[in-house]
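Asker: Dropping the sequence and predicted coords here.
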Amino acid sequence: MQSHGSAHHGPESWLTKLPFLPQQREWESVNGAVLVFVLILVVSLLVNRIIKGKIQENVIPRPKVGLFSVIDLLVEALYNLIVGIVGHHYGAYAFPFIASIFIYVLLNNLLGLLPMSASPSAAFPIAFALGISSFIFYNWMGVKANGLIGYGKHFLMGLGVFGIPIAGVEMISHVIRPFTLGLRLRTNMHIDHMLAGAFAELCKWIVPVPLLLFGVVVCTIQAFLFAVLTAVYVQMATEHEE
């Protein structure tokens, strides 16, 4: 297993040999991110076609445990978590985006565990882009919930003109959130895949197996944290001023 967070270290990845995508090594992480997006899009269209017209059949719980039952249970658990953080009023609006970004980040993370591959999340441009997407979404939700002026009052902390200094600090903290979100994700994934790759090079048999399992856990946790932080930011942005 060769897994590296940087596109400029280690042997050449198969991500630079994908058709219709740039072949230069510096585009390795971008190619991986595009591949994950296309994969999610294709699977979503196929699943939608399969369950189309069978909604009633899928709504009723099945007596036997199957793949659909497990997926349904996981989606319900994620939905309840997001609604519990954001609140019932805006949870239904926030769930599609947060669930989508969770799946996207998770698959980006897991991609780095494949042989001769790299995790797009371990590249700062991709991680920062994910942070920006979260930033845009929760601010848009805040404006939608409170209006532009009402959302601006959030920064004053209910202190009126006396809250202007606090508002300046709050705005700075908001501006750096995409950076901190991306940096947290990028650093954790880079370290995880770098260690896994290093141990795999030292010992190619048996030893990488528990490391690979640990890597799956780390990838899942990091995607989960990214989604939860996004949900928390949405909750803070949509709460109404008392």
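Answerer: That came through fine.
Asker: The nearest residue to Arg177 once chain neighbours are set aside: what's it in contact with?
Answerer: Ranked by Cβ to Cβ, 6 or more residues apart in numbering and with sequence neighbours excluded, the top spatial neighbour of Arg177 is Phe135, at 5.7 Å. C-betas here are computed from N, CA, C, even on glycine. Counting by Cβ atoms under 8 Å, 6 or more residues apart in numbering, Phe135 makes contact with 174, 177-178, 181.
Asker: make it 10 Å
Answerer: 174-179, 181-182, 230, 233 (Cβ atoms under 10 Å, 6 or more residues apart in numbering).
Asker: ok, it to Leu114 distance?
Answerer: The spacing between Phe135 and Leu114, counted by Cβ to Cβ, to the nearest Å, is 29 Å.
Asker: just Val43 next, same as before
Answerer: In this structure, Val43 and Leu114 are 17 Å apart, going by Cβ to Cβ.
Asker: what's the answer for Ala123, then?
Answerer: 16 Å.
Asker: so Ser100 touches Ala223, yeah?
Answerer: No. Using Cβ atoms under 10 Å as the test, Ser100 is too far from Ala223 to be in contact (11.4 Å).
Asker: These two: which is more packed in?
Answerer: Comparing Ser100 with Ala223 by neighbour count (other Cβ atoms under 10 Å), the higher total belongs to Ala223, at 23 against 14.
Asker: any idea which element that one lies in?
Answerer: helix 208-238 (DSSP states H and E).
Asker: who does that helix touch, helix- and strand-wise?
Answerer: Secondary-structure packing of helix 208-238 (3 or more Cβ pairs under 10 Å, 6 or more residues apart in numbering; DSSP states H and E): strand 3-4, helix 67-86, helix 88-111, helix 124-154, helix 164-175, helix 177-202.
Asker: winner for burial among these?
Answerer: strand 3-4 (a mean of 26; mean count of other Cβ atoms under 10 Å).
Asker: Got the phi and psi for Ala118?
Answerer: Dihedral pair for Ala118: phi -150, psi 150, per degrees, to the nearest 10.
Asker: And for Ser117?
Answerer: In terms of degrees, to the nearest 10, the main-chain angles of Ser117 are phi -130, psi -170.
Asker: Which residue, other than its chain neighbours, is closest to Gly32?
Answerer: Pro120 (4.1 Å).
Asker: roughly how far apart are that neighbour and Leu195?
Answerer: Plainly put, Pro120 is 18 Å away from Leu195 if you go by Cβ to Cβ.
Asker: now swap in Leu35 and tell me
Answerer: Distance of Leu35 to Leu195, given as Cβ to Cβ: 24 Å.
Asker: Next: Gly142.
Answerer: For Gly142 relative to Leu195 (Cβ to Cβ), the value is 38 Å.
Asker: Next SSE downstream of the worst-scoring helix or strand of the chain on mean pLDDT?
Answerer: For the chain, the helix or strand with the lowest mean confidence is strand 3-4, at a mean of 43 (criterion: mean pLDDT, DSSP states H and E). Downstream of strand 3-4, the first helix or strand assigned by DSSP H and E is helix 28-51.
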